[in-house]
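In: this one's sequence-less:
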């Protein structure tokens, strides 16, 4: 309803007071505020990006907000997901978000979809809304959201974050480019680490999420120039913004239907390959490792392949750090050989994936080893709770 009948939309006396700072802006004014009240916005995800953008959309006076999420609030979310509070830990994120939205704007209609968005339900969920905002953090869902927006002709306000860098743009708006013009093919699985693996500055999603909210308000009100056709890049460490031009690719495939996006991004194949690799390696549980350490045995080396900053956070007593990147570039292989000196090799990481990869590389170099199932996370949960879990 991007072109509502403004004569049918009435602002209340409280609306005039609440949105007075909008009403005196010539670029928004009375008509713009009525457009905001008539608008509907769907936010996919209530995490780092969804949290700030939902707060500001509610405060701006959006009349209807839909939220899609199936996760619960975790303590690790609170560093950046500012819509949630400590009292909501363990409870559904969408309920937490709705509670906060209605505190800000009790007149907002909040629709909740406590489900994973998929090829089976995406069109049905997206169809009733004027604008979709993508606050997700994985490639299959980004392609899915993009294709659903293309099929239904909905603007897609995009943002992404990693470590200290973020980007934002508007897809599928006024004949502009869509996500497939930026990323025609997905990167290989595992090439781009998640925030859980690589970390993220807690403030960063606030910046990018607020930019997404700004773009949505501009689309609704017609104020200003949107980011359609422009990719905004932000580096928080350098405090620099850059801009790249985006154009539709005339040779891109025509989107005719929703597909299996996990398959498209190679996720099942990667999981199968990882499972096969892990199955080919000897494994031990953290309880077995604890028994070995307690026995006083000296015939093994416990190798930690995490990054140095992770090693500073938490470590298993007696472990030796050789980061996976060093093993990948070859320098770590020689270091491991020197450490072993005829001893057995036991390797761990945070949860078992990186150490399995390291052991696969070491095996190719003639070094056999055993992987610790569940890594230091399992050690913290099942053996020693004093070891911080991150």
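Out: Structure's in. What do you need? As the structure is a prediction and not an experimental result, all values here were calculated from the model.
In: average pLDDT across the helix or strand harbouring residue 159?
Out: Using DSSP states H and E, residue 159 falls within strand 156-162. Averaged over strand 156-162, pLDDT sits at 97.
In: parallel or antiparallel, list what pairs with the helix or strand just after it.
Out: Next in sequence after strand 156-162, counting helices and strands by DSSP H and E, comes strand 165-171. If you go by DSSP bridges, strand 165-171 pairs up with strand 156-162 (antiparallel), strand 230-235 (antiparallel).
In: tell me where the stretch 51-200 of the chain has strands.
Out: 64-68, 109-113, 131-134, 156-162, 165-171 (DSSP state E, counting those that start in this stretch).
In: check which helices and strands the second one sits against.
Out: With contacts defined as 3 or more C-beta pairs under 8 Å, 6 or more residues apart in numbering; DSSP states H and E, the secondary structure elements packing on strand 109-113 are strand 64-68, helix 93-104. Any C-beta I mention is one placed from the backbone N, CA and C, and that applies to glycine too.
In: can you redo these as JSON lines with mean pLDDT and distance to residue 299?
Out: Output for the helices and strands packed on strand 109-113, formatted as JSON lines (pLDDT from 0 to 100; distance: least, C-beta to C-beta, whole Å):
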{"stretch": "strand 64-68", "mean pLDDT": "98", "distance to residue 299": "53"}
{"stretch": "helix 93-104", "mean pLDDT": "98", "distance to residue 299": "48"}
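In: these into CSV, with extra columns for mean neighbour count?
Out: As requested, the helices and strands packed on strand 109-113 are exported to CSV (neighbours: other C-beta atoms under 10 Å):
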stretch, mean neighbour count
strand 64-68, 23
helix 93-104, 20
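In: which stretches of this protein have low pLDDT?
Out: Applying pLDDT under 70 to the chain flags residues 1, 277-279.
In: walk me through the domains of it.
Out: Per automatic domain parsing, the structural domains of the chain span 39-270, 280-382.
In: what are the contacting residues of the strand holding residue 159?
Out: Applying C-beta atoms under 8 Å, 6 or more residues apart in numbering, the contact partners of strand 156-162 are 48-49, 131-135, 137, 142, 145-146, 149, 166-173, 178-179, 192-193, 195, 198, 200, 204-205, 208-209, 211-212, 215-216, 219.
In: selection in ChimeraX covering whichever of these are buried, please.
Out: Here is the ChimeraX command that selects the buried residues among those (16 or more other C-beta atoms under 10 Å):
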select :48,49,131,132,133,134,135,137,142,145,146,149,166,167,168,169,170,171,172,173,178,179,195,200,204,205,208,209,211,212,215,216,219
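In: wait, residue 79 sits on residue 202?
Out: Yes - between residue 79 and residue 202 there is a contact under C-beta atoms under 8 Å: 4.3 Å.
In: related to what we said a few turns ago, tell me which of the helices and strands packed on strand 109-113 approaches residue 254 most closely.
Out: Ranking the helices and strands packed on strand 109-113 by proximity to residue 254 (C-beta to C-beta) places strand 64-68 first, at 26.0 Å.
In: which neighbouring elements make contact with the closest one?
Out: In this structure, strand 64-68 makes packing contacts with strand 40-44, helix 50-60, helix 93-104, strand 109-113, judged by 3+ C-beta pairs under 8 Å, 6+ apart.
In: now the angle from that strand to strand 109-113?
Out: Using axes from the mean of the first three to the mean of the last three C-alpha atoms, to 10 degrees, the inter-axis angle of strand 64-68 relative to strand 109-113 is 20 degrees.
In: can you give me how far strand 64-68 is from the chain middle?
Out: What separates the centre of strand 64-68 from the centre of its chain is 18 Å, taken as C-alpha atoms, centre = their mean, to the nearest Å.
In: direction included, what does that strand pair against?
Out: Counting by DSSP bridges, strand 64-68 is paired with strand 40-44 (parallel), strand 109-113 (parallel).
In: out of those strands, flag the one nearest residue 12.
Out: Judging the strands paired with strand 64-68 by C-beta to C-beta, what sits closest to residue 12 is strand 109-113, at 15.1 Å.
In: residue 44 versus the residue nearest the centre of the chain, what's the distance?
Out: Taking C-alpha atoms, centre = their mean, the centroid of the chain lies closest to residue 137, which sits 2.4 Å from it. According to C-beta to C-beta, to the nearest Å, residue 137 and residue 44 sit 10 Å apart.
In: what's near enough to touch the nearest residue in space to residue 39 that is not next to it in sequence?
Out: Nearest-residue entry for residue 39: residue 220, 4.6 Å, with adjacent residues in sequence omitted and distances by C-beta to C-beta, 6 or more residues apart in numbering. Going by C-beta under 8 Å, 6+ apart, residue 220 touches 2, 32, 35, 36, 39, 62, 130, 131.
In: ramachandran angles for residue 220?
Out: phi -70, psi -40 (degrees, to the nearest 10).
In: picking up where we left off before, so which of the strands paired with strand 165-171 is the most surrounded?
Out: Ranked by mean neighbour count, the strands paired with strand 165-171 are led by strand 156-162 with a mean of 25 (mean count of other C-beta atoms under 10 Å).
In: quick one on the thing from earlier: from the contacts of residue 220, which land in helices?
Out: Judged by DSSP state H, the subset of the contacts of residue 220 located in helices is 32, 35, 36.
In: neighbour-wise, which of those leads?
Out: Within the ones in helices among the contacts of residue 220, neighbour counts (other C-beta atoms under 10 Å) peak at residue 35, which reaches 27 neighbours.
In: surely it meets residue 5?
Out: No - contact between residue 35 and residue 5 fails when scored by C-beta under 8 Å: they sit 10.9 Å apart.
In: and the strands of the stretch 51-200 of the chain as JSON lines, adding distance to residue 346?
Out: Below are those laid out as JSON lines (distance: least, C-beta to C-beta, whole Å):
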{"stretch": "strand 64-68", "distance to residue 346": "42"}
{"stretch": "strand 109-113", "distance to residue 346": "45"}
{"stretch": "strand 131-134", "distance to residue 346": "42"}
{"stretch": "strand 156-162", "distance to residue 346": "31"}
{"stretch": "strand 165-171", "distance to residue 346": "36"}
